[in-house]
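>>> Below are the sequence and a predicted model for it; my questions follow.
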Amino acid sequence: YIRIDKLDFIQKDFLSSIMDFTFVKIGMDEINYGDAHFRRSDNARAIYNPFVGNFIMDAFTTEPFAEVTVIHPSGFLGVAGASNGRLNQNVAGNMDEGISFYGKLGYDKEMNEDLRLRLTGSIYTSSTKSTRDYLYNGDRAGARYYGVLEANNSGGDFDPRFNPGFSSMTAFQVNPFVKFQGLEFFGIFESSSNNVDSVGGSFTQLGAELLYRFGGKEQFYVGGRYNSVSGKASDNGSDIEISRINGGAGWYLTRNTLVKAEYVTSSYDGDGYVGSKFEGLTWDGVVLEATIGF
């Protein structure tokens, strides 16, 4: 992608008072919907995730996009962007006539040397014109707990996460973040609904991470995460409920080398899973991970 921080190519110091805290990105990259995508693993960036797995309803996608970001010195921030909602492009027929819009408003401020506060709200909405939404289906790296739900050669590396499967949707994500000295909290409240009323379906995600970072350079941490997704599937309106708890610890051996250990347990419920391998399913285990990020 290309990032534009100044408009001097139009005229010297053109809108410089605005561009001092504004930039434009145009190209192919992950879109800036929600804050959870800053704390997730995609194999290449596992060092930013304090746990091994990502959130169950994992909002991450890379698409052709254009977005404007404002980060004001006062702490207020905003994002406005658009994409065609597709990871893979197709020029045959009218396959790419859809469009998706997204935005974010928030406040992020270091109140003093001990306290940082951040609160953002994001929205994503797409048309029904064959956008093939990848918002919860854009990661090609798998769901981290590789093969844990694979049975009888069905399923695979992506099963531990959940994709509502809406071809067109409106989604909201609210993310509070508080860091006081070594204590850190990150949260998610997210709602995703099908834009095709005749088909229906909607899901709500809740998530909360609590960490304590310690050591001379906060190179150690311990913490836990709670995550749940519940709602009604498209067409038949059947109920689906997924819950997950993680507890773990990490150690930054260097600034760009991290080892993690965690215990994870996950359960599935609801009549939407009757007759499937998820019916009444609970799985758990210990996971170890080491990552280098640079």
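Nice, I can see it. Numbering: from 1, shown residues only.
>>> All the helices of the chain, in order from the start?
For the chain, the helices defined by DSSP state H cover 16-19.
>>> Model confidence at Val91, what's the number?
Note for Val91: predicted pLDDT of 67.
>>> swap that for Asn195, please
Value listed for Asn195 in the pLDDT field: 87.
>>> ok, now how distant is the closest residue to it other than its chain neighbours from Asp133?
Leaving out its chain neighbours, the residue that sits closest to Asn195 by CB to CB, 6 or more residues apart in numbering is Ser168, at 4.0 Å. Any C-beta I mention is one placed from the backbone N, CA and C, and that applies to glycine too. As for Ser168, its distance to Asp133 is 6 Å (criterion: CB to CB, to the nearest Å).
>>> Spit out the residues that contact these two alike.
Ser126 (CB atoms under 8 Å, 6 or more residues apart in numbering).
>>> Of the two, which one has the most company?
Asp133 (27 against 20; other CB atoms under 10 Å).
>>> pretty sure Ser126 contacts Tyr134?
No. With contacts counted by CB atoms under 8 Å, Ser126 stays clear of Tyr134, the gap being 10.1 Å.
>>> tell me, what's touching those two both at once?
Gly85.
>>> Which one of these two is surrounded by more residues?
Using other CB under 10 Å, the more surrounded residue of Ser126 and Tyr134 is Ser126, with 24 against 20.
>>> Contact partners for the more buried one?
Neighbouring residues of Ser126 by CB under 8 Å, 6+ apart: Gly85, Gly98, Ile99, Ser100, Phe101, Asp133, Ser168, Met169, Thr170, Asn195.
>>> ditto for Phe220
Counting by CB under 8 Å, 6+ apart, Phe220 has contacts Arg213, Phe214, Ala249, Gly250, Trp251, Tyr252.
>>> And Tyr134, by the same measure?
With CB under 8 Å, 6+ apart as the criterion, the residues that contact Tyr134 are Thr61, Glu63, Gly85, Arg86, Leu87.
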